[in-house]
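Trainee: kindly return the folded structure for what I paste below:
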Amino acid sequence: MTTIRIAAAAAHFGRDLDFDLARIAKLIDDARKEGAGLLVLPDAALGGYLADLRHPDPEALPPALKPDDPVILQVARLAAELVVCVGYCEDGGDERYNAAVCVSGDGVLGRHRKVHLPAGEVAAYSPGERFDAFETPVGRIGMLIDYDKTFPESARSLALDGAEILACLSAWPTSITNRAPRMAQDRQAKLFDLYDQARAAENQVVLASSNQTGAMGGMRFLGQAKVVGPGGDILARTWAKAGLAVAELDVPAEVDRARRILRHLGERRPAAYREATS
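Mentor: Below is the predicted model of the structure:
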């Protein structure tokens with residue numbers, strides 16, 4: 001049996017790294033009590049997200065951490081036998097990246113720098129350059145950071161690299177320009193679910209989607225953490241509240257079942273697709 005329990009977190013994080021580490025420790029403990037083998041924490045769980053996505057204040061950006069910062073190593077120690085994906089601001093020397101790292105007690109398993117930056121993030125971060133899947137004790141995983149999942153090519157690249165689980169880490173807010181009176185009616189709430197389900201179904205993979213909750217500056221985050229099966233069905237979710245969405249499944253078996261008749265990756269016709277001109 002290769003059945004595992006996958007947990008995706010909805011929680012609030014801010015600039016205080018001690019607070020963030022304490023919350024991460026609690027979420028890891030909660031996931032462990034649920035019997036989870038994989039925990040996906042939100043984007044910017046270490047240091048918080050931008051307070052203003054339209055005009056980010058260069059003096060109020062999240063703390064930038066080196067890839068081997070003791071804070072990241074502390075998350076690995078807390079993870080122990082679990083596989084944990086967590087988002088942070090990476091100090092790349094002359095550049096900063098919206099980044100994610102996947103760790104266990106054995107150390108770093110994989111990394112990702114957000115490739116697709118919305119307009120406001122361009123002023124705070126540099127874009128990453130690639131999507132790579134990697135092996136973990138719970139299977140082959142690929143990571144996406146919020147806006148990455150808006151682009152089908154992102155998840156498809158990871159699926160073609162053998163990922164059967166997509167960890168989607170987000171700090172996804174409600175609409176900035178046209179906020180609905182109720183979060184459930186917000187345009188971004190609907191898109192967040194739509195992208196999660198579409199990326200899982202079109203690639204026939206399992207997707208664990210985490211997100212921040214609460215508010216920072218003028219940003220109000222959606223929550224809506226979930227685990228999605230390879231048919232696009234939501235197996236567990238938190239809605240807007242903080243907590244863990246936990247689902248148990250045999251990932252290889254579910255992926256094989258989804259691909260039994262229709263194999264989207266194998267039935268592609270690349271020669272028929274238009275290539276980008278810029």
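
Trainee: look up phi and psi at the residue nearest in space to the middle of the chain.
Mentor: Computing the C-alpha centroid of the chain and ranking residues by Cα atoms, centre = their mean puts residue 169 first, at 1.6 Å. Main-chain dihedrals, residue 169, degrees, to the nearest 10: phi -100, psi 130.

Trainee: so what's it up against?
Mentor: Each residue near residue 169 by Cβ atoms under 8 Å, 6 or more residues apart in numbering is listed here: 40-43, 45, 85-87, 100, 143-146, 210. The way it works is simple: take the backbone N, C-alpha and C, and place the C-beta from them, glycine included.

Trainee: likewise for residue 195?
Mentor: 149-150.

Trainee: neighbouring contacts of stretch 91-99?
Mentor: Residues contacting stretch 91-99 (Cβ under 8 Å, 6+ apart): 43-44, 61, 64-66, 69, 87-90, 111-114, 117, 121, 124-128, 145.

Trainee: er, stretch 250-261 actually
Mentor: 1-4, 138-139, 164-165, 204-206, 229-231, 265-266.

Trainee: ok, of those residues, which come out buried?
Mentor: Among the contacts of stretch 250-261, the ones that count as buried by 16 or more other Cβ atoms under 10 Å are 4, 138-139, 164-165, 204-206, 229-230.

Trainee: show me which of those is closest to residue 18.
Mentor: residue 138 (28.8 Å; Cβ to Cβ).

Trainee: which residue ranges form the strands in the stretch 151-278 of the chain?
Mentor: 165-169, 206-209, 211-212, 215-216, 219-220, 226-228, 234-237, 243-250 (DSSP state E, counting those that start in this stretch).

Trainee: again but with the stretch 1-150 of the chain, I slipped
Mentor: Under DSSP E, counting those that start in this stretch, the stretch 1-150 of the chain gives strands at 3-11, 38-40, 64-65, 83-91, 96-104, 107-113, 134-136, 139-145.

Trainee: among the ones you listed, which is the most enclosed?
Mentor: strand 38-40 (a mean of 30; mean count of other Cβ atoms under 10 Å).

Trainee: and that strand, how far out from the chain's middle?
Mentor: 10 Å (Cα atoms, centre = their mean, to the nearest Å).

Trainee: adjacent strands (with direction) for it?
Mentor: When pairing is defined by DSSP bridges, strand 38-40 lines up against strand 3-11 (parallel), strand 83-91 (parallel).
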